[in-house]
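Enquirer: only geometry, no sequence info:
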């Protein structure tokens with residue numbers, strides 16, 4: 001029994017030893033294969049010689065070479081904006097509609113004037129109080145007022161002041177009336193501008209209407225002809241039916257004759273069905289033509305109505321201007337009357353003030369009057385710059401920017417719009433290194449990246465100047481741009497010299513860069529008794545020129561190196577790699 005156990009134990013040990021040795025043998029033979037699958041797989045190709053067309057790439061925003069800014073002299077609120085960026089406009093075209101009402105500057109000038117007028121009134125009241133509270137005896141009154149008594153003097157002063165207040169009220173009413181008429185004129189002018197913007201040329205509508213009317217008449221005639229044809233067939237069918245009834249009432253009638261009549265009736269009914277179908281078709285065409293004519297007539301009428309509206313509004317404007325002229329005359333007359341009454345009162349009170357020795361108060365009035373005159377002049381100037389209901393294009397061209405939004409204010413601080421004048425070009429610019437700039441010349445034409453996306457655009461290098469942001473290291477390239485572009489559009493371009501031959505050319509994907517500069521990784525083979533290992537080796541390079549796919553380099557190479565272009569994992573210099581099947 002013990003001998004059997006010992007024998008069994010020996011067999012197990014022998015079997016385990018065989019399995020272990022087998023596994024070790026397999027691992028020894030396949031260790032390299034297993035390790036290879038864990039290595040980065042790389043694609044590589046040989047360094048080549050050939051031709052490179054050096055290209056310098058850059059992008060920049062298109063700018064107007066001679067932008068024209070549209071500004072307003074006052075601060076106003078925007079009612080609506082009539083144009084968008086990129087729109088082409090003619091001189092006089094409306095860019096922005098403004099809300100009715102006074103500008104901020106006019107309102108401020110009014111407040112200043114009102115404050116100055118209140119100060120003037122306060123000075124006058126102070127003078128009156130001093131005058132009326134003074135001890136005025138009969139001799140003073142007689143000397144100052146040609147012997148008029150104190151009571152009469154006071155009555156004259158009071159009456160003059162009352163008349164002055166009436167005149168002030170009248171001036172205020174006349175001024176408000178004049179302003180109301182002016183606001184009506186501004187509203188009508190805005191209506192005329194809005195209406196005119198839709199155009200009043202009716203030639204196109206008249207042509208469309210005449211064509212629609214002619215087509216309708218043709219369809220109507222065709223339908224009438226087909227109706228007449230139907231009526232004729234109906235008469236023929238009715239006659240044929242009478243003939244059949246007549247033949248049937250005759251007892252000795254000819255059977256053949258009856259059959260012939262019935263066949264003819266059947267044929268007439270077939271013909272009528274055909275004509276009825278044609279009639280239905282003509283009727284549909286007739287209705288469509290009638291609808292088209294009605295639409296053309298409505299369009300023409302609406303366009304003519306626009307003309308009538310403009311004429312009516314113009315008549316209203318002219319009538320309002322006549323009213324404004326009369327209102328202005330009335331306001332001026334009231335102001336002159338007020339000035340005369342104020343002057344008469346001032347003269348009377350000046351005489352008394354001089355006798356009483358309180359003329360200093362009159363000096364205060366004079367100073368206050370100067371402030372009123374100054375404030376009035378400022379308001380008049382603000383009025384001269386105000387009143388327009390629209391902002392229009394001052395030149396013809398393309399709107400490159402519009403800085404106005406409905407409901408918001410615009411002022412003289414900012415350009416309301418910028419227009420690219422007709423016939424003027426655009427520019428774009430970007431910065432390059434001094435070394436890159438050496439390869440370029442003024443006049444070089446640039447190629448657009450993704451040129452298929454653009455339409456009729458030419459880009460030409462216009463100047464090469466030091467870049468103000470880095471004048472020692474960079475140059476600023478400025479290009480003239482013509483064609484279908486707008487300001488603000490970004491263009492990607494490439495510009496460069498003619499083709500040149502180079503000894504070492506590698507794919508762009510082979511160029512790598514770190515803190516020590518640009519380099520490539522080449523594959524070096526190292527043989528061993530079991531296999532060949534491939535090691536990535538760093539070679540520092542200087543890029544001489546590049547195009548879309550490859551670069552010319554200067555490096556310590558022999559010309560037959562195998563350069564790594566792509567890899568499945570990050571590759572480090574000195575590390576082992578695995579070649580892809582395409583390179584094996």
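Expert: Sure thing, it's come through. The structure presented is a predicted model; accordingly, all values stated were derived computationally and were not measured.
Enquirer: going forward, measure contacts between C-alpha atoms and count neighbours the same way
Expert: Fine.
Enquirer: how long is stretch 431-446 end to end?
Expert: 15 Å (CA to CA, to the nearest Å).
Enquirer: roughly how far is it from the heart of the chain?
Expert: With CA atoms, centre = their mean, to the nearest Å as the basis, stretch 431-446 stands 34 Å off its chain's centre.
Enquirer: what residues does it touch?
Expert: 56, 58, 458-464, 467, 473-477, 493-497 (CA atoms under 8 Å, 6 or more residues apart in numbering).
Enquirer: Any buried residues in it, and which?
Expert: 431-434, 436-437, 440, 445-446 (16 or more other CA atoms under 10 Å).
Enquirer: can you list those residues in JSON lines and add secondary structure?
Expert: Formatted as JSON lines, the buried residues of stretch 431-446 follow (DSSP: H, G, I helix; E, B strand; the rest coil):
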{"residue": "431", "secondary structure": "strand"}
{"residue": "432", "secondary structure": "strand"}
{"residue": "433", "secondary structure": "strand"}
{"residue": "434", "secondary structure": "helix"}
{"residue": "436", "secondary structure": "helix"}
{"residue": "437", "secondary structure": "helix"}
{"residue": "440", "secondary structure": "coil"}
{"residue": "445", "secondary structure": "strand"}
{"residue": "446", "secondary structure": "strand"}
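Enquirer: Sort those residues by pLDDT and name the bottom one.
Expert: pLDDT is lowest at residue 436 among the buried residues of stretch 431-446; the value there is 79.
Enquirer: quick revisit: give the PyMOL command for selecting the buried subset of the contacts of stretch 431-446.
Expert: Typed into PyMOL, the next command selects the buried ones out of the contacts of stretch 431-446 (criterion: 16+ other CA under 10 Å):
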select buried, resi 56+58+458+459+460+461+462+464+467+474+475+476+477+493+494+495+496
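Enquirer: before we move on, back to that, which one of the buried residues of stretch 431-446 is nearest to residue 87?
Expert: residue 446 (27.1 Å; CA to CA).
Enquirer: For residue 399, state which of the buried residues of stretch 431-446 is nearest.
Expert: For the buried residues of stretch 431-446, the nearest to residue 399 is residue 446 (26.0 Å; CA to CA).
Enquirer: Can you give me the distance of the closest one to residue 214?
Expert: Residue 446 is 56 Å from residue 214, by CA to CA.
Enquirer: Kindly report the same for residue 577.
Expert: Counting by CA to CA, the gap from residue 577 to residue 214 is 85 Å.
Enquirer: same thing with residue 506?
Expert: Counting by CA to CA - residue 506 and residue 214 are separated by 74 Å.
Enquirer: Those two: which has the busier surroundings?
Expert: Between residue 506 and residue 214, counting by other CA atoms under 10 Å, residue 506 is the more crowded of the two (24 against 14).
Enquirer: Report all helices and strands that the helix or strand encompassing the more buried one contacts.
Expert: Per DSSP states H and E, residue 506 falls inside strand 499-507. Helices and strands touching strand 499-507, by 3 or more CA pairs under 8 Å, 6 or more residues apart in numbering; DSSP states H and E, are strand 48-53, strand 550-555.
Enquirer: List the buried residues for the first one?
Expert: What that stands for is strand 48-53. Here strand 48-53 shows 48, 51-53 as buried, counting by 16+ other CA under 10 Å.
Enquirer: Just flag the most distant two among those.
Expert: 48 and 53 (15.3 Å).
Enquirer: For the stretch 251-400 of the chain, which segments are assigned as helices?
Expert: 255-356, 360-384 (DSSP state H, counting those that start in this stretch).
Enquirer: secondary structure class for the spatially most central residue of the chain?
Expert: In the chain, the C-alpha nearest the mean C-alpha coordinate belongs to residue 85, at 3.0 Å (CA atoms, centre = their mean). Secondary structure, three-state DSSP: residue 85 is coil.
Enquirer: Which helix or strand lies directly C-terminal to the helix or strand bottoming out on mean pLDDT in the chain?
Expert: Using mean pLDDT, DSSP states H and E, the weakest-scoring helix or strand in the chain turns out to be helix 138-145, at a mean of 51. On the C-terminal side of helix 138-145, the nearest following helix or strand under DSSP H and E is helix 150-197.
Enquirer: Next SSE downstream of that next one?
Expert: helix 203-249.
Enquirer: The lengthiest strand in the chain: which residues count as buried?
Expert: Longest strand in the chain by number of residues (criterion: DSSP state E): strand 532-546. Residues 533-538, 540-541, 545-546 are the ones in strand 532-546 that count as buried (16+ other CA under 10 Å).
Enquirer: what's the answer for stretch 208-216, then?
Expert: Here stretch 208-216 shows 208-209, 212-213, 215-216 as buried, counting by 16+ other CA under 10 Å.
Enquirer: swap in stretch 503-521?
Expert: Those would be 504-508, 510-511, 519-521, for stretch 503-521 by 16+ other CA under 10 Å.
Enquirer: And these, which is closest to residue 488?
Expert: Out of these, the member with the shortest distance to residue 488 (by CA to CA) is residue 508, at 31.7 Å.
Enquirer: who's in contact with that closest one?
Expert: 546, 548-551.
Enquirer: Report the two of the residues you listed separated the most.
Expert: Once CA to CA is applied, the contacts of residue 508 give 548 and 551 as the farthest pair, at 8.6 Å.
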